[in-house]
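Colleague: Pasted the sequence and its predicted model underneath.
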Amino acid sequence: MGASIAAVVLLADAVSAVQNFVDVFIGVYVLLIFAYILTSWIRLPYSLSWLQRFLFDVCEPYLRIFRRLLPAFGPLDLSPIVGVFVLIILGRVIVRLLELLH
């Protein structure tokens, strides 16, 4: 009986850790997308070009998915907005599914 209680406690702890990881990961990725948007609007000095390249390499593959799906609205790029909403919704769904394991 004690072993089964210990297993349940370990499972609950593991589920909580995964939930926290998902929350933090999505929060950091949303911040990276916002930084990518901001650095695309302003001209950074050459000494910070590595940062702009890093943000491009991290965010562009994800945002490209939505650029292919969304129609063009002239000079407006709505893919970051849709991408952030999808991330937030996906994060909430994953956390809710993990709550079922509790």
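Modeller: That came through, no problem.

Colleague: roughly how far apart are I65 and D23?
Modeller: Counting by CB to CB, to the nearest Å, the separation of I65 from D23 is 22 Å. In this view, the C-beta of every residue, glycine as well, is placed from N, C-alpha and C.

Colleague: Equivalent analysis for V84, please.
Modeller: Relative to D23, V84 is positioned 15 Å away (CB to CB).

Colleague: Of the two, which one has the most company?
Modeller: Neighbour count, other CB atoms under 10 Å: between V84 and D23, V84 has more, with 18 against 14.

Colleague: what number of residues lie near the residue nearest to that one when sequence neighbours are not counted?
Modeller: Leaving aside its chain neighbours, V84 sits nearest to V30 (5.5 Å; criterion: CB to CB, 6 or more residues apart in numbering). Residues near V30, counting by other CB under 10 Å, number 17.

Colleague: Enumerate every residue touching V30.
Modeller: Applying CB atoms under 8 Å, 6 or more residues apart in numbering, we find V30 in contact with V84, L87, I88.

Colleague: Quick one: residues contacting the most centrally placed residue in the chain.
Modeller: Centroid-nearest residue in the chain: I26, 3.2 Å away (criterion: CA atoms, centre = their mean). Counting by CB under 8 Å, 6+ apart, I26 touches L87, I88, L90, G91.

Colleague: Try it again at 6 Å.
Modeller: Contacts for I26 (CB atoms under 6 Å, 6 or more residues apart in numbering) come out as L87, G91.

Colleague: For L44, give me the backbone phi and psi.
Modeller: Backbone dihedrals for L44, given as degrees, to the nearest 10, come out at phi -90, psi 150.

Colleague: mind checking pLDDT for it?
Modeller: If you check L44, the pLDDT there is 84.

Colleague: Give me the neighbour count for it.
Modeller: Residues near L44, counting by other CB under 10 Å, number 13.

Colleague: got the contact list for it?
Modeller: Residues in contact with L44 (CB under 6 Å, 6+ apart) are Q52.

Colleague: Swap in 8 Å and give it another go.
Modeller: Neighbouring residues of L44 by CB under 8 Å, 6+ apart: L51, Q52.

Colleague: Look up how far V24 lies from the residue nearest to V84.
Modeller: Distance of V30 to V24, given as CB to CB: 11 Å.

Colleague: Good, wrapping up.
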